[in-house]
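Asker: sequence and predicted structure are below.
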Amino acid sequence: MSKSKKTGGILSTSQKLVMNPELIKRPAKLTPKQVDRINQVNAKHKAELLATRVTYPVDVDFGDITEEMAKGLGFRGKSKNDVSAGLADIGLDFTGFNLGVANKAKKPKPKTLPDPKVVADFVKQRLAPISVADLTGPVRVFSQNFEFLTDDKVAFFKDSYKEIFKRFHIITATEVSPDGVKALCKLTGFEHFVSGDNTRGGQAVAVFYDPKRLKAKGGRKLIDEVANVQGVNDLRPMLWCTLIDSVNGDEVNVGVNHLKSMRGGPQQTGVIRKQQAQAIVRGLPKGWQGVMGGDWNTRMNDGWHKVDLKPLLDDGFILVDQDTNKLATHTMGGWLDGFFTRTTKTVSGMTVIQWFLDTKRDLTDHAGVLVSIG
């Protein structure tokens, strides 16, 4: 057995797994009792989220919004600082919360209404090194979890979203509502493919693309099996599409996934994610070449994708920057968002944009991730 250098003792199973997740042995499927437990945890969390869901004020100057108005919209109050005071101010207690080991998060509380102009200034600063996307150079693909995107959220943070969209050609999006997607397209001039939503709301997946650079070939393709694993509630399908680069005529297949969260325990939910990865492999055409972005809900910085998403790796997919990126893409830590590719084209230049370093959770609780194709 392995010896601990620090204590000279025997490493626990959890310690060995953190060091080498590939040592883990899991069943191929969960028992009905385990699935029922996960669904109970999901149902409780959904009820808490719906109870604290906010409405963003539209067509109202931030300076005219009173504390009571903000509370009436479901917020904790109105931000008095440049951005929300910190992670504690978003209403979640992260004490004892470790996405890689266990899930002990307390129920969510209302967040503070931020000043959208201040958020937009921080977003612009973060994006300053990235030029506006045009008809030259590689195709830029961006992946973003928008955290419950609705049409009123689009209107409220419109300046931030304009800054983001004008720098990329393709955006793979998770946690969006169909209405929010339509509002973003109207705001930015992008076109889109979107899946249906689930009972939680704001949980669809979508691909946005700039019609000035790319044209769609055919319609959207859904792999519904990804959303139908062992009766686990509110899973999301995979969506993919084929786009043609108007500059050089190259075709690029782009997919988006949002796999089962770790809520319910990373080990048991990992069994579900592995089955979802198997469904992706079965659902894609044989020899499919392309790039898949999204929120994979496994700690890739700790190597957990080698267990949860092993079917993708076995089928020839590669996690971009898997040996170099150590930056978290979520406020609670962990590299959850990124790109898997299987293509003869060069996919490179992965950049993680951690909005939450400046804006906390005001815009979203996830970082954005950029790669270039070609």
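Answerer: Yes, it's here. Numbers count the residues shown, from 1 in each chain.

Asker: mind listing the helices for the stretch 251-374 of the chain?
Answerer: According to DSSP state H, counting those that start in this stretch, the stretch 251-374 of the chain carries its helices in the segments 266-283, 305-308, 310-314, 356-359.

Asker: need the contact partners of the third one.
Answerer: Here helix 310-314 makes contact (C-beta atoms under 8 Å, 6 or more residues apart in numbering) with K274, A277, Q278, I280, V281, H305, K306, L319, F340. (Glycine included, C-beta is placed from N, CA and C.)

Asker: try 6 Å this time
Answerer: If you take C-beta atoms under 6 Å, 6 or more residues apart in numbering as the criterion, helix 310-314 is touched by A277, Q278, V281, F340.

Asker: what about the closest residue in space to K326 that isn't next to it in sequence, how many residues nearby?
Answerer: Leaving aside its chain neighbours, K326 sits nearest to N301 (5.5 Å; criterion: C-beta to C-beta, 6 or more residues apart in numbering). Residue crowding around N301 was assessed by other C-beta atoms under 10 Å; the count is 19.

Asker: and for D64?
Answerer: Using other C-beta under 10 Å, D64 is surrounded by 8 other residues.

Asker: let's have the chain start at 17 instead
Answerer: Sure thing, new numbering starts at 17, so read that last one as D80.

Asker: backbone dihedrals for it, please?
Answerer: The phi and psi torsions at D80 (degrees, to the nearest 10) take the values phi -90, psi 0.

Asker: same check on Q370?
Answerer: Here the main-chain torsion angles of Q370 (degrees, to the nearest 10) amount to phi -90, psi 80.

Asker: show me the contacts for the closest residue in space to it that isn't next to it in sequence.
Answerer: In space, not counting the residues next to it along the chain, Q370 is nearest to A383; the distance is 4.5 Å by C-beta to C-beta, 6+ apart. Contacts were defined as C-beta under 6 Å, 6+ apart; by that measure A383 touches T345, V368, I369, Q370.

Asker: neighbour-wise, which one of these leads?
Answerer: Of all those, the most densely surrounded is T345 (27 neighbours; neighbours counted as other C-beta under 10 Å).

Asker: need the contact list for that residue.
Answerer: Residues in contact with T345, defined by C-beta under 6 Å, 6+ apart, are W351, L352, D353, H382, A383.

Asker: from these, which land in strands?
Answerer: D353 (DSSP state E).

Asker: of the contacts of T345, which is the most crowded?
Answerer: Going through the contacts of T345 with other C-beta under 10 Å as the criterion, the one with the most neighbours is L352, at 27 neighbours.

Asker: and the nearest residue to F181 once chain neighbours are set aside, how many neighbours?
Answerer: The spatially closest residue to F181, leaving aside those adjacent along the chain, is T204, at 4.1 Å (C-beta to C-beta, 6+ apart). Other residues within reach of T204, judged by other C-beta under 10 Å, total 19.

Asker: which pLDDT does the model give T204?
Answerer: Residue-level confidence at T204 comes out at 98, pLDDT.

Asker: same check, this time on D374
Answerer: Note on D374: pLDDT of 89.

Asker: hmm, it is touching V139, no?
Answerer: No: look at D374 against V139 with C-beta atoms under 6 Å: they stay out of range, at 7.9 Å.

Asker: and those two? Which one has more around it.
Answerer: Neighbours around D374 and V139, counted as other C-beta under 10 Å, are more numerous at V139. The numbers are 24 against 17.

Asker: check which helix or strand covers that one.
Answerer: Using DSSP states H and E, V139 maps to helix 132-143.

Asker: and that helix, what's buried?
Answerer: By neighbour count, with 16 or more other C-beta atoms under 10 Å as the criterion, the buried positions of helix 132-143 are P132, V134, V135, A136, D137, F138, V139, R142, L143.

Asker: after it, next one along is what?
Answerer: Scanning forward in sequence from helix 132-143, with DSSP H and E defining helices and strands, the next element found is strand 155-165.

Asker: helices or strands up against the helix or strand that that next one is followed by?
Answerer: Past strand 155-165, heading to the C-terminal end, the next element that is a helix or strand (DSSP H and E) is helix 167-172. Using 3 or more C-beta pairs under 6 Å, 6 or more residues apart in numbering; DSSP states H and E as the contact definition, the elements that helix 167-172 packs against are helix 194-204.

Asker: ok, residues contacting the helix it packs on?
Answerer: Counting contacts by C-beta under 6 Å, 6+ apart, the residues touching helix 194-204 from outside are L165, T166, D167, V170, K174, F181, H208, V210, A220, A222.

Asker: over to stretch 211-226?
Answerer: If you take C-beta under 6 Å, 6+ apart as the criterion, stretch 211-226 is touched by 62, 164, 185-194, 197, 206-210, 250, 252-253, 255, 257, 259, 270, 272, 274.

Asker: list the buried ones in that stretch?
Answerer: Neighbour-count burial for stretch 211-226, with 16+ other C-beta under 10 Å as criterion, is recorded at 211, 213-214, 216-226.

Asker: dump these to a markdown table, plus pLDDT and secondary structure.
Answerer: As requested, these are arranged in a markdown table below (pLDDT from 0 to 100; DSSP: H, G, I helix; E, B strand; the rest coil):
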| residue | pLDDT | secondary structure |
| --- | --- | --- |
| S211 | 98 | coil |
| D213 | 94 | coil |
| N214 | 92 | coil |
| R216 | 90 | coil |
| G217 | 91 | coil |
| G218 | 94 | coil |
| Q219 | 96 | coil |
| A220 | 98 | strand |
| V221 | 98 | strand |
| A222 | 98 | strand |
| V223 | 98 | strand |
| F224 | 98 | strand |
| Y225 | 98 | strand |
| D226 | 98 | coil |
